[in-house]
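**Q** Structural data only, the sequence is not supplied:
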């Protein structure tokens with residue numbers, strides 16, 4: 001009751017106070033005993049602060065995990081760009097699995113953040129505590145996945161080192177290719193400045209432009225190995241173009257020199273061909289038809305061949321003037337072949353007369369020379385043996401009989417000396433073949 005009376009007195013006193021004092025006294029009355037409104041002070045603020053700290057820690061863990069994933073993605077892309085091995089493919093697949101785990105824990109974190117508004121004025125202690133717990137759990141999951149991701153990244157060390165070594169080759173290879181193209185272009189410019197067109201070389205250089213474009217696009221688009229191989233191909237082709245361009249002035253000079261030389265030779269063969277007919281007359285007068293009839297067409301064939309060679313020379317000259325170098329070289333090769341065969345045919349007539357004169361004067365030398373070749377082969381066939389190998393003895397015995405027949409055929413008024421010479425040459429070849437065969441067998445048996 002005393003307490004009740006005191007309360008009544010306090011109420012009356014307040015009622016009698018002037019209005020300004022009454023207003024000032026009201027807060028003081030509520031600040032005393034009784035129930036207090038939940039606001040931004042006391043225990044509630046501590047819970048809010050703990051929840052906010054948990055939110056900040058989770059945000060930091062989320063950022064660190066995102067950074068780690070981005071860094072590891074770069075490593076995986078580096079590996080897969082270089083290494084097609086099963087180990088590299090497994091690493092990529094494992095990274096994708098980690099990506100799904102990252103998505104899951106990130107979703108949990110974002111859901112926790114969205115579920116709790118820590119800035120609400122009416123946030124109660126229970127709600128703040130639940131928010132702190134949810135955010136702390138999300139942070140722990142983020143940290144755990146980041147640790148697993150880092151361990152996975154460490155396991156990629158050997159693969160990544162190999163890939164980075166390969167990548168380190170890309171830039172130098174591409175730069176060498178670019179420098180090679182520049183050098184080839186400079187060489188072409190120098191050749192053109194000397195008055196040579198080099199259109200074929202320019203076309204080959206222009207054909208490398210798409211390859212240079214792909215090199216500039218980089219290994220990320222075309223792959224490391226393919227880029228390195230492309231750079232090496234470009235470098236080789238550019239080097240070949242530059243080398244051919246640098247050699248072009250000398251090639252032109254050599255073609256000019258060969259044109260003059262072959263023209264001079266054609267003229268000389270024409271002069272020599274005119275002397276074949278007198279040689280043929282001498283052969284007809286002194287020897288049987290079998291000794292010279294195969295030479296009857298030499299003068300006419302020589303005339304036709306020289307005329308054809310001169311025509312090819314004119315065509316080669318025109319190709320050289322038009323700087324069609326392959327055509328010019330091909331024409332010169334044809335001319336040389338024509339003149340070589342014609343030269344041999346023209347020389348054959350004089351050589352035939354010389355050899356026939358020599359053997360008809362004394363054929364014993366030719367016979368002895370041939371018998372010596374046979375005996376030499378026979379000695380080798382008998383070396384270390386009591387009887388010769390039939391494979392060696394049979395052709396040598398046939399050679400002896402063939403030589404005897406050739407000598408016997410010389411009897412008569414007009415012997416076929418040319419047939420005799422061809423037979424002795426054939427016998428010597430047989431003996432040489434046997435010697436070569438024996439030596440080959442001896443060598444194989446050592």
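**A** That came through fine. All figures in this text were calculated on a predicted structure; none of them were measured in a lab. Numbers count the residues shown, from 1 in each chain.

**Q** Residues in contact with the helix or strand where residue 318 lies: which ones?
**A** Assigned by DSSP states H and E, residue 318 falls within helix 298-321. Under the contact criterion C-beta atoms under 8 Å, 6 or more residues apart in numbering, helix 298-321 has outside partners 252, 255-256, 259, 262-263, 266, 269-270, 273, 276-277, 280, 325, 327-328, 331-332, 334-335, 338-339, 341-342, 345-346, 348-349. For every residue, glycine as well, the C-beta is placed using N, CA and C.

**Q** what's the longest helix in the chain?
**A** helix 224-273 (DSSP state H).

**Q** which SS class is residue 343?
**A** Of the three states, residue 343 takes helix according to DSSP: H, G, I helix; E, B strand; the rest coil.

**Q** Near it, how many residues? Count them for me, please.
**A** 17 (other C-beta atoms under 10 Å).

**Q** and it, how far is that from residue 309?
**A** Note on residue 343: its distance to residue 309, by C-beta to C-beta, to the nearest Å, is 11 Å.

**Q** How far away from the center of its chain is stretch 102-112?
**A** 49 Å (C-alpha atoms, centre = their mean, to the nearest Å).

**Q** Mind listing residues that contact that stretch?
**A** By C-beta under 8 Å, 6+ apart, the residues outside stretch 102-112 that reach it are 58, 61-62, 65-66, 69, 131, 134-135, 137-139, 141-142, 145, 149.

**Q** could you redo the last one with a cut-off of 10 Å?
**A** With contact meaning C-beta atoms under 10 Å, 6 or more residues apart in numbering, stretch 102-112 is reached by 54-55, 58-59, 61-62, 65-66, 68-69, 130-131, 133-146, 148-149.

**Q** residues of it that come out buried?
**A** Residues of stretch 102-112 classed as buried: 102, 105-106, 108-109, 112 (neighbour count, 16 or more other C-beta atoms under 10 Å).

**Q** In three-state terms, label residue 70 for me.
**A** When classified by three-state DSSP, residue 70 comes out as helix.

**Q** Give me the helices and strands touching the helix or strand where residue 347 lies, please.
**A** Here residue 347 sits within helix 325-361, counting by DSSP H and E. Packing contacts for helix 325-361, counted by 3 or more C-beta pairs under 10 Å, 6 or more residues apart in numbering; DSSP states H and E, involve helix 199-206, helix 224-273, helix 276-286, helix 298-321, helix 364-382, helix 417-445.

**Q** Try it again at 8 Å.
**A** Contacts defined by 3 or more C-beta pairs under 8 Å, 6 or more residues apart in numbering; DSSP states H and E place helix 325-361 against helix 224-273, helix 276-286, helix 298-321, helix 417-445.

**Q** now the angle from the last one to helix 276-286?
**A** Per axes from the mean of the first three to the mean of the last three C-alpha atoms, to 10 degrees, the angle that helix 417-445 makes with helix 276-286 is 100 degrees.

**Q** and what of the third one?
**A** Computed with the same axes, to 10 degrees, the direction of helix 298-321 lies at 160 degrees from that of helix 276-286.

**Q** relative to helix 224-273, how tilted is the helix holding residue 347?
**A** Helix 325-361 and helix 224-273 are oriented at 40 degrees to each other (the same axes, to 10 degrees).

**Q** Sounds good, over and out.
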